[in-house]
Structures are given as structure tokens and as C-alpha cells.
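A.B. asks: Sequence and predicted model, in that order:
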Amino acid sequence: MNKVIFTGRLTADPELRQSGDTTITRFNLAVDRRGKRDEADFFSCTAFNKLAEFAKNYLVKGTKILLEGRIQNNNYTDRDGKKVYGFQVIADSIEFAGAKTERTAERVEDFVKVPDNVDDEELPFN
């Protein structure tokens, strides 16, 4: 089974591009090492289609997320004939995992709208 779960912060705004009918968003995630707040690992992540659009529309540099996905090899042979080894994380799901930053709040403002006339006690997630 190939499954990873990370909680980390985006190091920059996601970059979106189209490849035919496929929407692709790439971003880097900084993940603190357990028990070592000053040490982090950095992972290149890729999301496709609707998840890619979500990432581009709602995630910004510094946003803390929980990402579930899988690791995929990026091995290739360079121009000099040397084998280059690498990997990326392919995102299967992304959730917000921290307090909203001001920039995230601007983008998330319309993500979930609760009408003013709804009593908080009627909400299913109280």
C-alpha cells in the first residue's frame, strides 16, 4: 500500500497549469519533524483536476493543511545519460488544518456561507 498523510504549511502559492483536459497544481509543503520544531522536510506535491482547482483557489503561502496522498517516482535520464532519481507526492485529498490567515480568509470567504437567519444550534456540526 502506498499512502502518506502530512500536516504542513505551503511554502508558496500553488501554481496552476493545464495539460490538455487535465488541470494540474503544484506546490511545496513544509512538514515539521516530530518533536523538532526547528527542523522540517520539504515535499513537492501535485494535485489534479477538481482538487487542483481547489488548491489554486483556496490555498496560499503559509496555509496549514492536512494532505492525504501517495508517493510517485520521478526518475528520468538526463541529457548526459545519468539516471536522476526523485519523487513527488500526489494529493488525493486536502483539508484545512489551522487557523485562517488573512489571505486565506479572503479566498475562503465564499467557500462556506451560512445564512444569517440560521440559528447556530440548528447547524449539524455544533
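C.D. replies: Arrived safely, thanks for sending. Residues are numbered from 1 along each chain as shown.
A.B. asks: CA only for contacts and neighbour counts going forward, please
C.D. replies: OK.
A.B. asks: which residue ranges form the strands in this protein?
C.D. replies: Under the criterion DSSP state E, the chain contains strands at 4-10, 15-19, 22-33, 36-48, 64-73, 76-77, 83-84, 87-96.
A.B. asks: mind putting the ones you listed in a markdown table, distance to K56 and mean neighbour count included?
C.D. replies: Formatted as a markdown table, the strands of the chain follow (distance: least, Cα to Cα, whole Å; neighbours: other Cα atoms under 10 Å):
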| stretch | distance to K56 | mean neighbour count |
| --- | --- | --- |
| strand 4-10 | 12 | 18 |
| strand 15-19 | 6 | 13 |
| strand 22-33 | 7 | 19 |
| strand 36-48 | 10 | 15 |
| strand 64-73 | 13 | 17 |
| strand 76-77 | 28 | 11 |
| strand 83-84 | 29 | 10 |
| strand 87-96 | 12 | 17 |
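A.B. asks: If you average pLDDT over each of these, which is lowest?
C.D. replies: Mean pLDDT is lowest for strand 36-48 among the strands of the chain, at a mean of 91.
A.B. asks: which residues sit against it?
C.D. replies: When contacts are defined by Cα atoms under 8 Å, 6 or more residues apart in numbering, strand 36-48 is touched by residues 22-33, 52, 55, 87-92.
A.B. asks: Tell me the strands beside that strand, with direction?
C.D. replies: Partners of strand 36-48 in the sheet, by DSSP bridges, are strand 22-33 (antiparallel), strand 87-96 (parallel).
A.B. asks: looking at those strands, which is closest to N73?
C.D. replies: strand 87-96 (4.3 Å; Cα to Cα).
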